[in-house]
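# any chance you can model this:
(2 chains)
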Amino acid sequence: MSVTAPPEHLDAHGRAESPPERPPARARSRAARSPRRRRTLEVLLAYGLLLPSLLVFAVFVFYPLVRQIYLSFFLTPPFPGEPKHYAGLSQIQQVLTSHDFLNSLWVTVLFVLYTVPAGLVLGLLLAVLAHQQLRGIRFFRTVFSSTVATSVAVASVIFFTLLNPQIGLFSYWFGRTGQLSVLDDPRLALLAVSVVTVWQNLGLAFIVMSAGLQAVPDDLLEASRVDGAGPWTRLRHVILPMLSPTLFFAIVVGSILSLEAFGQIDILTSGGPLQHTNVLVYAIYDQVFNQNNQGRAAVMTVALFLITLVFTLIQIRLLERRVTYER
Amino acid sequence: MRNGTGPSTRTGGRRRSRCPHAVLAAAAVLATSGVTALGAVGPSAVAGAATAPPSTKVVPSACGLSALAKARQPVQITMWHTMTQTNNTWLQNSVKHFNGMQHQVHVNLVQQPDYPSEFVKYKAGLTSGDLPTLAQFEDTTVQQLVDSHSTVPVQDCIAASHYKTNDYLPRALAFYRYHGVQQSMPWSVSNVIMYYNPIDFQKAGLNPNKPPQTFAQVTADSKKIVAAHAATHGIALPAKPYVFEFLLAKSGGEYVNNGNGRKARATQANLTSPTAMKVWNWWNQLLTSHLALATGSDPNNIDHLIAIATGNAAMTFEASGVIGPAEAVLASGQYPGVQIRTAPLPALATGGGVPVGDGSLWISAHASLAQRAAAWKLIAYLDSPEQQASLAAEGGYVPIRRSATKLPVLVQRWTSDPNYEVGYTQLTTGTLSNANIGSLIGDYQGVRNAVADGLEQMVANKMSPKKAAAFAENEANTAIENYNSRIGAN
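As a prediction, this is how the structure comes out:
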């Protein structure tokens, strides 16, 4: 804007020789055109800068999404190259009302409920414990965060061995040696998988909570102490409110991690026993890679996408309102 | 099982049993030796060629024998296989010998991690073009491969080369036949047998040389074993559908309708038939009377074998190919006082037969004519009595040629360790029927999952055998219908 010379400015410099009408007219037209042009340029530049990521999104997110929606209308053949059969809404309706899908949905909900709150509470507990100025506290901080360094596969294999009904240490401790494996027990399998998941995510939860605790200003705690607040009151009325952005972040990330859980289920139970650990993501994988049924998997994928979308929106609307970002 | 060893054990997907490999790998761990590294997948060159002939017509020219004679030599072919450990070493040596003894064909081996992964890769290859010239596929894939129209029936080559098949075990050929046309050649074959600890039998006052042959005898012997505290349970029962399948087949029950899928495409499972109900009931009765130890779905598929070693059970069922690893574990001295012996599977009555399980060799229709003929040459070599005898002696598969059993290498092997012979003997007994030839099902895995679910219902949820069977049948029917409608066969 500043570059544009207003007609008054020209007049002020008394360009007497130039005809009085022309410069203002020219200037006016330039003034009218330039912002528009500049805006167009800016928009082009913006899109130009966005283009690489848009391309990546288009190829790896938008196209697959559209393709999934398209595929969900077809009965796909077990082999590529064979014809697919248009099924309209019948397949969608059949899948969405099927026992398998509803079961997977329920298992997914249970799994999130088992893992997210537990992980949050344990992570916070460990973080509060490790937030003391004690000798050797660094050692404990390292231990508490160490599960971050394990992969899902490693954690699962460790627990798989510990839970083995013939030779596992846990089976021995709980007096289940020689009995049916916990992972084969429909009542306990999901719980067992959840325990592994909580254990594996604990390191991350601990680190996130610790970081949040570090950010709570000491003078605030000092002030509350002077006001006579005990440890519980301080936690309840000072630390937790100050931690709310961290908690919010942990809940969202934890939920997404749980919704995406795959490795531990694949290794520990393969979705069994009797589909009691067959979360949606695993069910989709099963459809694609074991049943080779892309059509059915597509319906479930689109459903999972919509569910996650709604779920995230609700989380943001409900939780963000209670989050304090002021320090 | 399977992999090296057994009938298709793989309960893929859900409850995938990583059978053979898992058993081998787990055995290796127990024996405190290293775990096997699974082979990497290499590229395979494939020339697109003539279109696939229908699976039920014999077209000798589609085998390409004359094209091979005219082709520039050596013709390069790629073979996908899932052999591991000793079997893999055997195959490498055998193929090296083949490549050296003639100059018409050169074989490149590509090891795949296991049967299910191999099949997933093959199906992806139908789009991408990354396909083998020939491949070792497991028994459960027959109907799907026929439906995929992507293979050349080996019958074309049998006809074109006037190949004699009368030395083969009829059972081994019959399984891989579709509407009278041989689709693939049996090669690395096994079947489910009984494993037992003779010392437990002795302790219980039973004759260790007379293992039970019928369900009733298993129950009776189990009672004695438990009463004498020889083992905590008579038998360990893994909730594996292939075990159920073999018990049903040997008892004369068809798994699915339309003559086990042999007369026409199967449309329904026969899991509540009178014979099937007897198997369910017997299984349940053993569990409820605590004569059997339920080892569940156990993805590593080894707990039922460990149960014998730890004294939790005296008997169990597993693929014949597990003998090698099992004996290796015992030889390591980890379980002193435990012995392992094998016997044919028990059944409702004596005199029944079992299907073959495991690997056969398929020729790709996407290979050029010359490559198909080259693949056939390799198959004929790998199926020769000498190679079959050597594979059985070194790897533990069941030979599919009668004359192979007369060769010194195998005679020696079987004399020194009779455990290896049982799988073969079992395949030669019983008259052939649709029930014991084995079933053809498109979504074989879906039916297996259903049976596994039925067994789990009984084991873990204490469901009655009647309800469990109905539950399994219902789920199996859905799987069969779903597959049939997806290929437009409904």
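
# what residues does the stretch 151-300 of chain A put near chain B?
A:164-167, A:178, A:180-181, A:183-186, A:267, A:269-275, A:278, A:286, A:289-293, A:295 (Cβ under 8 Å from any Cβ of the partner chain). For glycine as for every other residue, the C-beta is placed from the backbone atoms N, C-alpha and C.

# in chain A, where is pLDDT below threshold?
A:1-33, A:322-327 (pLDDT under 70).

# can you give me the strands in it?
In chain A, the segments counted as strands under DSSP state E are A:74-75, A:85-86.

# most tightly packed of those?
Stretch with highest mean neighbour count among the strands of chain A: strand A:74-75 (a mean of 20; mean count of other Cβ atoms under 10 Å in any protein chain shown).

# what's it packed up against?
Strand A:74-75 sits against strand A:85-86, with contacts defined as 3 or more Cβ pairs under 8 Å, 6 or more residues apart in numbering or on different chains; DSSP states H and E.

# in the stretch 51-200 of chain A, what residue is nearest chain B?
Proximity of the stretch 51-200 of chain A to chain B (Cβ to the nearest Cβ) peaks at residue A:184, 3.2 Å away.

# is that residue in contact with residue B:452, as I believe?
No - if you go by Cβ atoms under 8 Å, residue A:184 and residue B:452 don't touch, sitting 10.8 Å apart.

# who has more neighbours, those two?
residue A:184 (29 against 26; other Cβ atoms under 10 Å in any protein chain shown).

# roughly how far out does stretch B:256-274 sit from the chain middle?
Stretch B:256-274 has its average C-alpha position 20 Å from the chain's average C-alpha position, going by Cα atoms, centre = their mean, to the nearest Å.

# and the helices in the stretch 151-300 of chain B, which stretches?
For the stretch 151-300 of chain B, applying DSSP state H, counting those that start in this stretch gives helices covering B:154-160, B:170-175, B:198-203, B:215-227, B:241-250, B:257-260, B:274-288.

# turn those helices into a markdown table, columns for distance to chain A, mean pLDDT and mean neighbour count.
Converted to a markdown table, these look like this (distance: least, Cβ to the nearest Cβ, whole Å; pLDDT from 0 to 100; neighbours: other Cβ atoms under 10 Å in any protein chain shown):
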| stretch | distance to chain A | mean pLDDT | mean neighbour count |
| --- | --- | --- | --- |
| helix B:154-160 | 20 | 97 | 23 |
| helix B:170-175 | 21 | 96 | 21 |
| helix B:198-203 | 15 | 96 | 20 |
| helix B:215-227 | 13 | 97 | 19 |
| helix B:241-250 | 12 | 96 | 27 |
| helix B:257-260 | 19 | 96 | 19 |
| helix B:274-288 | 10 | 97 | 19 |
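
# what's the closest of those to residue A:210?
The closest of those to residue A:210 is helix B:241-250. By Cβ to Cβ, the value is 48.6 Å.

# can you give me the angle the closest one makes with helix B:215-227?
130 degrees (axes from the mean of the first three to the mean of the last three Cα atoms, to 10 degrees).

# about what we covered before: and the gap between the residue of the stretch 51-200 of chain A closest to chain B and residue A:256?
According to Cβ to Cβ, to the nearest Å, residue A:184 and residue A:256 sit 29 Å apart.

# among the strands of chain A, which comes closest to residue A:262?
strand A:74-75 (25.2 Å).

# residue contacts, the residue of the stretch 51-200 of chain A closest to chain B?
A:165, A:272, A:273, B:239, B:296, B:297, B:298, B:456, B:459, B:460 (Cβ atoms under 8 Å, 6 or more residues apart in numbering or on different chains).

# one more: residue A:256?
By Cβ under 8 Å, 6+ apart, residue A:256 lies in contact with A:308, A:312.

# run the last query once more with 10 Å
By Cβ atoms under 10 Å, 6 or more residues apart in numbering or on different chains, the residues touching residue A:256 are A:112, A:116, A:308, A:311, A:312, A:315.

# returning to that earlier point: so for the closest residue to the residue of the stretch 51-200 of chain A closest to chain B other than its chain neighbours, what's the pLDDT?
Setting aside the residues directly before and after it, residue A:184 is nearest to residue B:296 in space (Cβ to Cβ, 6 or more residues apart in numbering or on different chains), at 3.2 Å. pLDDT recorded at residue B:296 is 84.

# where does residue B:56 sit: helix, strand or coil?
The three-state label given to residue B:56 by DSSP: H, G, I helix; E, B strand; the rest coil is coil.

# and the closest residue to it other than its chain neighbours, how many neighbours does it have?
Closest residue to residue B:56 apart from its sequence neighbours, by Cβ to Cβ, 6+ apart: residue B:179 at 4.7 Å. Burial of residue B:179 is recorded as 13 neighbouring residues (other Cβ under 10 Å).

# sec struct for residue B:350, please.
coil.

# is it true that it touches residue B:252?
No - using Cβ atoms under 10 Å, residue B:350 is not in contact with residue B:252, being 11.5 Å away.

# adding distance to residue B:412 as columns, could you present the strands of chain A in CSV?
Shown next, in CSV, are the strands of chain A (distance: least, Cβ to Cβ, whole Å):
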stretch, distance to residue B:412
strand A:74-75, 55
strand A:85-86, 57
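
# out of those strands, flag the one nearest residue B:234.
Taking Cβ to Cβ, strand A:74-75 is the member of these nearest to residue B:234, at 47.1 Å.

# can you list contacts of that closest one?
Under Cβ under 10 Å, 6+ apart, the answer for strand A:74-75 is A:83-88, A:90-91, A:293-296, A:298, B:482, B:485-488.

# go through these and flag which are in helices.
Among the contacts of strand A:74-75, the ones falling in helices (DSSP state H) are A:90, A:91, A:294, A:295, A:296, A:298, B:482, B:485, B:486.
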